[in-house]
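Engineer: What shape does this take:
(chains A and B)
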There are 2 protein chains.
Amino acid sequence: LSEEHKAKARDRQSQLTKPPGSLGQLEDLAIQLAGLQHLDRPCVDRVQISVFAGDHGVVAEGISRFPQSVTAAMVRNFAAGGAAINVLARTLDAALEVINLGTVDHLDDVDAVVHCVQGPGTANFVHEAAMTEAQLLGAFDAGRDSVTRAKAAGMQLFVAGEMGIGNTTAAAALACALTGQSPDDLAGPGTGLDETGVRHKAEVLRRALGCHQGHLDEPLEALRRLGGFEIAAMCGAYIAAAQAGLPVLIDGFISSSAALAAVRICPPARAWMMFGHSSAEPGHALLLRALQADAMLDLGMRLGEGSGAATALPLLRLACHLHNEMATFAEAGVAAG
Amino acid sequence: LSEEHKAKARDRQSQLTKPPGSLGQLEDLAIQLAGLQHLDRPCVDRVQISVFAGDHGVVAEGISRFPQSVTAAMVRNFAAGGAAINVLARTLDAALEVINLGTVDHLDDVDAVVHCVQGPGTANFVHEAAMTEAQLLGAFDAGRDSVTRAKAAGMQLFVAGEMGIGNTTAAAALACALTGQSPDDLAGPGTGLDETGVRHKAEVLRRALGCHQGHLDEPLEALRRLGGFEIAAMCGAYIAAAQAGLPVLIDGFISSSAALAAVRICPPARAWMMFGHSSAEPGHALLLRALQADAMLDLGMRLGEGSGAATALPLLRLACHLHNEMATFAEAGVAAG
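Structural biologist: Just a heads-up that it's a prediction; the model follows:
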């Protein structure tokens, strides 16, 4: 992070032909990016969106209104270009890749996907650790490899998205472990549970936390026991992105649980994170607070796939263009007030 | 407004490969646009931004921290392409036109601007009506003409922006008259007044309202007495857009005062309005409430020029692309939950 570039960017913002501060968060975003990218003219034209998919053993507890087969079916939908994140990536001219980390239904025949299969879904963390150490590290590496590819392709911003039926339950369990908050505060409707369903989900979370009690102090171990393949991959990606000097735009609830794990494992990773949106999933506000983050958008979105971050991408791009292309008071011959 | 197209759009949203409602406001926006445009596949690729500029006699009361010459200087900046709205329009591939309604400094030599001069700025409404009837109608017509040009050019969305030193004072005065709220609730810092400045602005508003007491019941007459050339033009544009069946994306405080006047003059105009952002100018929340409007963005912006609406435009476009291009559950072979 370059404090010098941040200071120069702040100075430039004060010279642009507008009342000081009148572009609000767009000014702050441009200044933050200038510091992260070590550039006078920040730019996020080249963006990679990596969507990580995996299944969750905890679905056996009846915590989702969608059947588990939907994870693989949605990966096929990603491969065919029909999902929300495909439309967003195309419209935004962002590179999109999908990483299969392991689903109950097989996906061997799908070519348009990176296969890093760690198993046919995680184990049910109500009874045992979600992942073995080998699976955790395998998923972590899959995330790191995505960032390596993004860096090699000259990307200026990285977005991680996810797909995994049951993964709001895994994210909530991990968030409980990392924040010490109660399951009642972190269990939410996910893809559409009713009140009874949410209460049951909180009960499942309580049983899971009970099962792993005494083993959740280390964030990496909490991630192994309560997370998911895609959550571990995103966590690995966020840490790798910080190490590679690549800013990341964080999506919603699941992504933020991975982001919080990443920050607990590697605190300097926080500086590289920007936050696209505030999800309708109620626990997200709590995660954003734990991350001391303000999100750009609040549109009631709760889809995942990286969709909230992608929707916020135009704001970052506009912030850069305004910063880079507006005339200064001196250039325009306008009195600075 | 086509209820049939709205219903069809709502039905399509429920079939797209995502949990129902999970795209939040983006779903509502697509459904609203489908109804307004009478289309199965709404589209806002073609957008016109018309920026209306004019000076304000009330600046004599010391209610702005910028000198009045900045209005004309900024029009020159628009013509040269250096202002925020220029950068936004270029980046968003939107057509931009600037309409000079009358400034203290002359602009006769500026070619890249539509000249509809109603006088060298309005009169000081603390002592007399801001506009004559002829000026009011001239400004109104300038707005209507912009919409006529937009319609003729096949535009799918209209954005009005404004520039006018002192125009938060005029907008606040008009808002007081239209809502019955007190000057203390509607006087804000504008381009950057301190607390003393805001208190003085509220006092100026009180004097203005006292001067015109008994003549503010008709919204058109309130607009003539307390508004500005650019506010009247935007009001005329919003009414004309509704009559022409062209959706409008409303910007911030000034635009919303014009929008409220338009709705009071012609209530059906409300249905054609979408609201881009919630301004940092404190009175904007009150205007949005009076318009029963939810804005898409809340980024602490307070620049005007149409910049907040322009910043929200990508959200509308993404909403349309998602609605039009996502696969349905049936097309993708995904279980609908």
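Engineer: quick one, what contacts the residue of the stretch 51-200 of chain A found nearest chain B?
Structural biologist: At 2.7 Å from chain B, A:Gly82 is the closest residue in the stretch 51-200 of chain A, using CB to the nearest CB. Just so you know, the C-beta spots here come from the backbone N, C-alpha and C atoms, and that holds for glycine as well. Listed by CB atoms under 8 Å, 6 or more residues apart in numbering or on different chains, the contact partners of A:Gly82 are B:17, B:326-327, B:331-332.
Engineer: And A:Asp55, by the same measure?
Structural biologist: Counting by CB under 8 Å, 6+ apart, A:Asp55 has contacts A:68, A:71-72, A:102-104, A:120-122, A:164-166, A:229.
Engineer: ok, A:Arg41 touching A:His321?
Structural biologist: No: A:Arg41 lies out of contact with A:His321 (CB atoms under 8 Å); the separation is 9.7 Å.
Engineer: the more surrounded of those two?
Structural biologist: Legend: neighbour count by other CB atoms under 10 Å in any protein chain shown for A:Arg41 and A:His321, higher for A:His321 (22 against 15).
Engineer: tell me the contacts of that one?
Structural biologist: Contacts of A:His321 (CB under 8 Å, 6+ apart): B:87-88, B:90-91.
Engineer: Can you tell me which of those end up in helices?
Structural biologist: B:87-88, B:90-91 (DSSP state H).
Engineer: can you narrow those to ones near chain A?
Structural biologist: B:87-88, B:90-91 (CB under 8 Å from any CB of the partner chain).
Engineer: Most widely separated two among the residues you listed?
Structural biologist: B:Leu88 and B:Arg90 (7.4 Å; CB to CB).
Engineer: rewinding a little: which of the ones next to chain A among the ones in helices among the contacts of A:His321 has the most neighbours?
Structural biologist: B:Leu88 (27 neighbours).
Engineer: And the contacts of the lowest-mean-pLDDT helix or strand in chain A?
Structural biologist: Lowest by mean pLDDT, DSSP states H and E among the helices and strands of chain A is helix A:329-332, with a mean of 95. For helix A:329-332, the surrounding residues in contact (CB under 8 Å, 6+ apart) are A:15-17, A:335-336, B:73, B:76-77, B:80, B:82-83.
Engineer: Can you flag the buried ones in those residues?
Structural biologist: A:16-17, B:73, B:76-77, B:82-83 (16 or more other CB atoms under 10 Å in any protein chain shown).
Engineer: And the spatially most central residue of chain A, how far from A:Ala171?
Structural biologist: In chain A, the C-alpha nearest the mean C-alpha coordinate belongs to A:Ser255, at 3.1 Å (CA atoms, centre = their mean). Computed with CB to CB, to the nearest Å, the distance linking A:Ser255 and A:Ala171 is 9 Å.
Engineer: all helices of the stretch 51-200 of chain A, in order?
Structural biologist: Counting by DSSP state H, counting those that start in this stretch, the stretch 51-200 of chain A has helices at residues A:69-80, A:84-92, A:133-152, A:167-179, A:183-186, A:195-211.
Engineer: what's the closest of those to B:Ala208?
Structural biologist: Closest to B:Ala208 of these is helix A:84-92 (CB to CB; 46.6 Å).
Engineer: Any residue of that closest one touching chain B?
Structural biologist: Yes: using CB under 8 Å from any CB, helix A:84-92 reaches chain B at A:84, A:86-88, A:90-92.
Engineer: what residue ranges in chain A score low on pLDDT?
Structural biologist: The model of chain A has pLDDT under 70 over residues A:337.
Engineer: can you list the domain ranges for it.
Structural biologist: A:3-41+A:323-332, A:47-315 (automatic domain parsing).
Engineer: Most tightly packed of the ones you listed?
Structural biologist: domain A:47-315 (a mean of 23; mean count of other CB atoms under 10 Å in any protein chain shown).
Engineer: Please name the nearest non-neighbouring residue to A:Leu313.
Structural biologist: A:Leu92 (5.5 Å; CB to CB, 6 or more residues apart in numbering or on different chains).
Engineer: so the one you found touches A:Ala310, yeah?
Structural biologist: Yes: here A:Leu92 reaches A:Ala310: they are 6.2 Å apart, a contact under CB under 8 Å.
Engineer: any idea how far A:Ile63 is from A:His200?
Structural biologist: 7 Å.
Engineer: who touches both of the two?
Structural biologist: Common contacts of A:His200 and A:Ile63, defined by CB under 8 Å, 6+ apart, comprise A:Leu193.
Engineer: residues contacting the closest residue to chain B within the stretch 151-300 of chain A?
Structural biologist: Residue of the stretch 151-300 of chain A nearest chain B, by CB to the nearest CB: A:Gly300 (3.0 Å). Going by CB under 8 Å, 6+ apart, A:Gly300 touches A:280, B:21, B:24-25.
Engineer: Any idea how far the helix or strand harbouring A:His323 is from the middle of the chain?
Structural biologist: Assessed by DSSP states H and E, A:His323 sits inside helix A:307-325. Put simply, helix A:307-325 sits 17 Å off its chain's centre (CA atoms, centre = their mean, to the nearest Å).
Engineer: Run through who's touching stretch A:126-138.
Structural biologist: Contacts for stretch A:126-138 (CB under 8 Å, 6+ apart): A:56-58, A:61, A:116, A:118-119, A:122-124, A:139, A:170, A:204, A:207-208, A:211-212, A:220, A:223-229, A:232.
Engineer: do stretch A:306-314 as well
Structural biologist: A:44, A:47, A:49-51, A:84-85, A:88-89, A:92, A:94, A:157, A:159-162, A:249-252, A:255, A:276-277, A:279, A:295-297, A:299, A:301, B:23, B:26, B:314-315, B:318.
Engineer: Mind checking which of those residues are in strands?
Structural biologist: Counting by DSSP state E, the contacts of stretch A:306-314 place A:47, A:49-51, A:157, A:159-162, A:249-250 in strands.
Engineer: Check the residues you listed one by one and keep those near chain B.
Structural biologist: Answer for those near chain B: none qualify (CB under 8 Å from any CB).
Engineer: got a markdown table for the residues you listed, with distance to B:Ala259 too?
Structural biologist: Output for the ones in strands among the contacts of stretch A:306-314, formatted as a markdown table (distance: CB to CB, whole Å):
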| residue | distance to B:Ala259 |
| --- | --- |
| A:Val47 | 35 |
| A:Ile49 | 36 |
| A:Ser50 | 42 |
| A:Val51 | 40 |
| A:Leu157 | 35 |
| A:Val159 | 35 |
| A:Ala160 | 39 |
| A:Gly161 | 37 |
| A:Glu162 | 40 |
| A:Leu249 | 32 |
| A:Ile250 | 34 |
